[in-house]
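[1] Next comes the sequence, and after it the predicted model I'd like to discuss.
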Amino acid sequence: MGAASLRRLFAALSGRRAEPAPVELIRGALECHHRGETDAAIDLLDRATRIAPADAEAYFVRGLLRDEVRPGEGVDDMRLAVQRCPGVSRYRFALGEALRRQGACGEAIDQFEAGVDIDPDDPERWAQLGDLCLTLGRFVAAEGYARRALDLDSGNEWALHLVGQALRAQGRSADALETFRLLASRERDFGDGAKSLLLTCHYSDDVTCEQAFEWHREFAGRLSQWGARGDAGAPWEVAPAVLGHARRMRIGYVSPDLGQHVVSFFLEPVLRAHDRREVEVFVFDTRNLADAQTARMRDLVEHWQVVSHLDDATLAETIRACELDAVVDLSGHTAGQRLGVFARRVAPVQLTWLGYPGTTGIPAIDYRLTDTTCDPVGLTDALHTEKLWRLPGPFLCYGPRADSPALRTHAPREARGYVTFGSFSNFAKVSDTTLRMWADVLARVPAARLLLKSRGLDEPSLGSRLRERFAALGGDAARLDLEGFSGGLSEHLARYGDVDIALDTYPYHGTTTTCEALWMGVPVVTLAGRSHVSRVGASLLASVGHAEWVASSAEEYVRIATALATGALELPVGSRLREQMRRSRLCDGDRFTRALESGIRQMLEQTSRERARASAD
């Protein structure tokens with residue numbers, strides 16, 4: 001609960017009538033709190049609870065104060081208040097918020113649901129409930145609660161954004177796009193609606209590559225104009241010292257995902273492999289996830305700054321003060337992005353890589369890192385505001401987890417007598433095109449089953465909707481096995497032991513899921529399209545020596561999957577496939593990082609020449 005909410009609650013409590021002794025103590029506690037004397041306030045509340053142990057208000061206020069000082073410590077007192085007066089909605093909501101901060105989202109939802117039953121007329125509470133459900137992977141419930149908020153307040157932009165997020169998470173990209181377009185039309189600058197619209201267009205099998213590019217150029221243009229109104233300044237000159245190798249090249253990385261997040265799993269091998277004799281590395285952590293993955297990466301770099309508290313203008317000045325030669329955006333238009341910093345230009349060369357599967361649309365970002373498979377020369381260049389810099393081999397490198405589970409010793413079909421196809425991709429990527437291909441695969445391999453494992457699929461209503469959707473597209477819904485995301489990463493990877501062949505999504509390919517499947521000894525079938533987002537699987541499979549699993553049409557996708565299932569195509573599995581991957585370019589962090597460093601140095605040299613010519617003209 002924020003300070004403003006506390007002030008409103010305290011104001012309400014100050015005017016509450018009760019028996020003289022407890023109420024005076026509570027009022028005295030509030031006065032102490034406003035003077036910053038929290039310990040004295042809690043002492044008074046301790047006395048109040050002893051004098052009137054049935055008085056819920058004393059426990060409630062003490063819980064608020066304790067939770068404000070040390071998050072989580074007030075939960076027990078708030079529970080006591082709810083037990084004494086279960087029909088008071090503000091007790092329920094405050095306890096729900098405290099539980100959420102502890103990560104106990106399931107319990108928090110229970111409290112919020114009880115609260116809105118008592119007080120159903122506050123749209124913000126319905127929106128909070130929708131947000132909680134979204135966090136917990138209850139996407140259908142999240143949509144319903146957010147729509148209830150809109151029924152009460154049609155102009156509630158947060159609730160409208162939640163509806164769009166819930167729709168996208170359910171795989172309903174067309175409905176999500178319509179929602180985000182409505183929200184974006186209400187925004188003056190580059191708000192949540194525009195950001196989510198750009199991200200969501202990659203999930204759609206109806207939006208053309210050209211339309212997606214135009215949206216990026218149009219909406220990201222708002223951000224560029226906003227940045228230019230601030231402190232964009234003139235382009236920086238490349239430092240002669242770095243061109244002449246008189247000092248190390250200074251490279252900065254900006255990301256909100258520097259923790260237990262897929263971006264970190266691909267960044268860590270690069271941070272580990274940077275040549276410290278040639279490169280000085282700076283990392284700007286814009287979210288401060290602060291987990292074990294964060295700690296491991298912090299040990300790999302010289303300069304790590306947590307900048308989550310800084311606005312874009314201040315962060316821009318902070319990065320400029322480091323006098324970087326190149327700065328790398330790792331998030332594009334995903335959650336927590338700081339593209340407003342890049343719009344201001346903070347280094348001579350700015351590039352985007354890894355966290356987003358398309359153009360940023362920001363003119364001040366000079367390059368986008370990719371490869372010739374994801375972005376063949378001449379195929380996608382016109383779909384970017386950045387220049388495409390094609391690295392040799394895959395555009396990223398994968399660092400297998402040290403705690404990866406052991407590989408299976410036998411293929412699942414040997415024990416079960418039938419083939420199990422699988423997809424563990426984010427369910428938002430499961431388009432109608434994808435489902436049609438999967439339906440055709442099952443039709444061609446009659447005894448096979450399809451295991452879908454993704455966050456949210458354990459919500460019964462979403463599972464029912466998926467089965468109905470699959471049947472409407474020609475699939476046999478009875479042959480689907482649905483699972484949500486459960487347990488840790490090791491347990492998640494172990495589930496590949498029950499999959500014979502993994503099926504990629506289209507148009508938004510898997511990246512982490514494809515790497516994880518291959519590492520766990522499971523072949524992957526993918527369909528290559530016309531844009532980066534629909535060609536990532538092709539790049540990954542080519543890099544491990546299995547381009548024969550890449551289809552160029554939906555019909556070929558079905559043929560390849562069928563051939564692998566029936567033995568018409570060789571099926572390397574288990575330790576053999578893992579060893580192929582281990583020895584491949586995909587897992588060669590040193591090779592990749594040398595190419596990255598060389599590429600950035602060439603960008604600096606090219607930028608220096610271009611600016612010299614511009615000055616001469």
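    Received, thanks.

[2] So for the longest helix along the chain, mean pLDDT?
    Longest helix in the chain by number of residues (criterion: DSSP state H): helix 589-616. Helix 589-616 comes out with an average pLDDT of 93.

[3] same deal with stretch 384-395?
    Mean pLDDT, stretch 384-395: 96.

[4] Let me see the contact set for residue 270.
    With Cβ atoms under 8 Å, 6 or more residues apart in numbering as the criterion, the residues that contact residue 270 are 397, 589, 592, 593, 596. For glycine as for every other residue, the C-beta is placed from the backbone atoms N, C-alpha and C.

[5] packing partners for the longest helix of the chain?
    Secondary-structure packing of helix 589-616 (3 or more Cβ pairs under 8 Å, 6 or more residues apart in numbering; DSSP states H and E): helix 240-243, strand 249-255, helix 262-273, strand 326-329, strand 349-352, strand 367-371, strand 387-391.

[6] how about 7 Å then?
    The helices and strands touching helix 589-616, judged by 3 or more Cβ pairs under 7 Å, 6 or more residues apart in numbering; DSSP states H and E, are helix 240-243, strand 249-255, helix 262-273, strand 326-329, strand 349-352, strand 387-391.

[7] list the buried ones in the helix or strand hosting residue 42?
    Secondary structure from DSSP states H and E places residue 42 in helix 38-51. Applying a neighbour-count criterion of 16 or more other Cβ atoms under 10 Å, one finds 41, 42, 44, 45, 47, 48, 49 buried in helix 38-51.

[8] which strands and helices sit next to that helix?
    Here helix 38-51 is seen to pack against helix 20-34, helix 56-69 when contacts are counted using 3+ Cβ pairs under 7 Å, 6+ apart.

[9] Quick one, which of those helices gets closest to residue 329.
    Within the helices and strands packed on helix 38-51, the stretch nearest residue 329 is helix 56-69; the backing value is 35.8 Å (Cβ to Cβ).

[10] Can you give the distance of the next helix or strand after the closest one from its chain's centre?
    Tracing the chain past helix 56-69, the next element assigned as helix or strand by DSSP H and E is helix 75-84. Put simply, helix 75-84 sits 34 Å off its chain's centre (Cα atoms, centre = their mean, to the nearest Å).

[11] Residue 277 and residue 597: what is the separation?
    When distances are taken as Cβ to Cβ, to the nearest Å, residue 277 and residue 597 turn out to be 11 Å apart.

[12] what about the two, which has more around it?
    Relative neighbour count places residue 597 above the other of residue 277 and residue 597, with 19 against 6, counting by other Cβ atoms under 10 Å.

[13] Run through the residues that contact that one.
    Residues in contact with residue 597, defined by Cβ atoms under 7 Å, 6 or more residues apart in numbering, are 275, 278, 279.

[14] what does stretch 83-99 rub up against?
    Contacts of stretch 83-99 from elsewhere in the structure, counted by Cβ under 7 Å, 6+ apart, are 1, 9, 54, 56, 59-60, 64, 67, 74-75, 78-79, 81-82, 107-108, 111-112, 114-115, 118-119, 125.

[15] could you flag which of those are buried?
    Buried positions within these, assessed by neighbour count (16+ other Cβ under 10 Å), are 1, 9, 56, 59-60, 64, 67, 74-75, 78-79, 81-82, 107-108, 111-112, 114-115, 125.

[16] Need the pLDDT of residue 569.
    You'll see residue 569 listed with a pLDDT of 83.

[17] hang on, I meant residue 279
    Looking at residue 279, its pLDDT reads 98.

[18] Look at it and say how many residues are nearby.
    When counting by other Cβ under 10 Å, one arrives at 19 neighbours for residue 279.

[19] list the contacts for it?
    Per Cβ under 7 Å, 6+ apart, neighbours of residue 279: 248, 249, 251, 597.

[20] okay, those residues in JSON lines with distance to residue 298 next?
    Putting these into JSON lines (distance: Cβ to Cβ, whole Å) gives the following:
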{"residue": "248", "distance to residue 298": "20"}
{"residue": "249", "distance to residue 298": "21"}
{"residue": "251", "distance to residue 298": "16"}
{"residue": "597", "distance to residue 298": "21"}
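
[21] now, among the residues you listed, which is nearest to residue 161?
    Checking the contacts of residue 279 against residue 161 by Cβ to Cβ gives residue 251 as the nearest, at 34.2 Å.

[22] Kind regards, and thank you for your time.
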